[in-house]
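Novice: Here you go, sequence then predicted model.
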Amino acid sequence: MDSAPSAALHLIWLRFRDRWWLKNLGYTTYLTAFMTLYFVLLRHPLFPVRTLPLTDLDHAIGFAPWSLILYASLWFYISLVPSLFHAWSEMRIYLIQVTLLSLIGFTIFLFWPTAVPVADIDWSAHPSVAFLKAVDATGNACPSMHVAFAVLTAVWLYRLLDHVGAPLWAQLLNLAWCVGIVYSTLATKQHVAWDVYAGAPLGLFLACLPPRPVLSVERS
């Protein structure tokens, strides 16, 4: 008889392989649409951009160039949830939540565009982070969509891992990954604490909206 971790891994594989090409296509299409709207609002604000103040937390968390890896890992982290769906009923609730999150964020960016203060850092000494700054200017700051999507993803992964009976270490890894991404938004100086304080509750609120998803039984 398989051990619990082996059984959980088998169920994860069954979910992952189910219509994998369709889920990957859907994720790529949705992400492309999201990023297009995001950068249109970023590059063409309709109202004056407000600069957010720094807090004690911003001063406590120093610049850490290596955290760019965590920051960029969000896109892979998010993809884990749709890749593990097994039925349209699961996907439908998730799509409603991520669409609401996107619309709320975009509406705020449209009417209340924000940016973070210019950091006293020589970006030329950190080319990878400098590239991020050039592509994703420090606008569309509050709420941090990076944080909001990371928190929403953590809740959904918790549900999926719990459903398949994944071991505790998998749940702890999920939590640590989410916390790491949140940390990276401050350590790369892409965001300030106020962005995190707004983004985390937003992601958690939407992830917990009813109806609660009923996860389907996997087919061998």
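Specialist: That came in fine, so what should we check first?

Novice: all contacts plus neighbour counts: C-alpha atoms, from now on.
Specialist: Will do.

Novice: Give me the buried positions along stretch 109-129.
Specialist: Buried residues in stretch 109-129, defined by neighbour count with 16 or more other C-alpha atoms under 10 Å: 109-110, 112-117, 129.

Novice: Any stretches of the chain with poor pLDDT?
Specialist: For the chain, applying pLDDT under 70 flags the ranges 1-2, 4, 136-138, 219-220.

Novice: Just the strands from it, written as ranges.
Specialist: 50-51, 114-115 (DSSP state E).

Novice: Could you dump the ones you listed into TSV with distance to Leu160 added?
Specialist: Formatted as TSV, these follow (distance: least, C-alpha to C-alpha, whole Å):
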stretch	distance to Leu160
strand 50-51	39
strand 114-115	35
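
Novice: Between those strands, which one is closest to Ala87.
Specialist: Ranking those by proximity to Ala87 (C-alpha to C-alpha) places strand 114-115 first, at 38.4 Å.

Novice: can you list contacts of stretch 87-104?
Specialist: 34, 82, 85, 148-149, 202-203, 206-207, 209, 211, 213-216 (C-alpha atoms under 8 Å, 6 or more residues apart in numbering).

Novice: Now flag whichever of the buried residues of stretch 109-129 is closest to Leu74.
Specialist: Val129 (15.5 Å).

Novice: quick one, what contacts the closest one?
Specialist: So Val129 contacts 65, 68, 123, 188 (C-alpha under 8 Å, 6+ apart).

Novice: By neighbours, which of the residues you listed wins?
Specialist: Across the contacts of Val129, neighbour numbers were computed from other C-alpha atoms under 10 Å; Thr188 holds the maximum, 24 neighbours.

Novice: Quick check: that one touching Ala64?
Specialist: Yes. Using C-alpha atoms under 8 Å, Thr188 is in contact with Ala64, at 6.1 Å.

Novice: do you know how far the closest residue in space to His191 that isn't next to it in sequence is from Thr99?
Specialist: Residue nearest to His191 in three dimensions, not counting chain neighbours: Thr185, with 5.4 Å by C-alpha to C-alpha, 6 or more residues apart in numbering. Distance, Thr185 to Thr99, by C-alpha to C-alpha, to the nearest Å: 22 Å.
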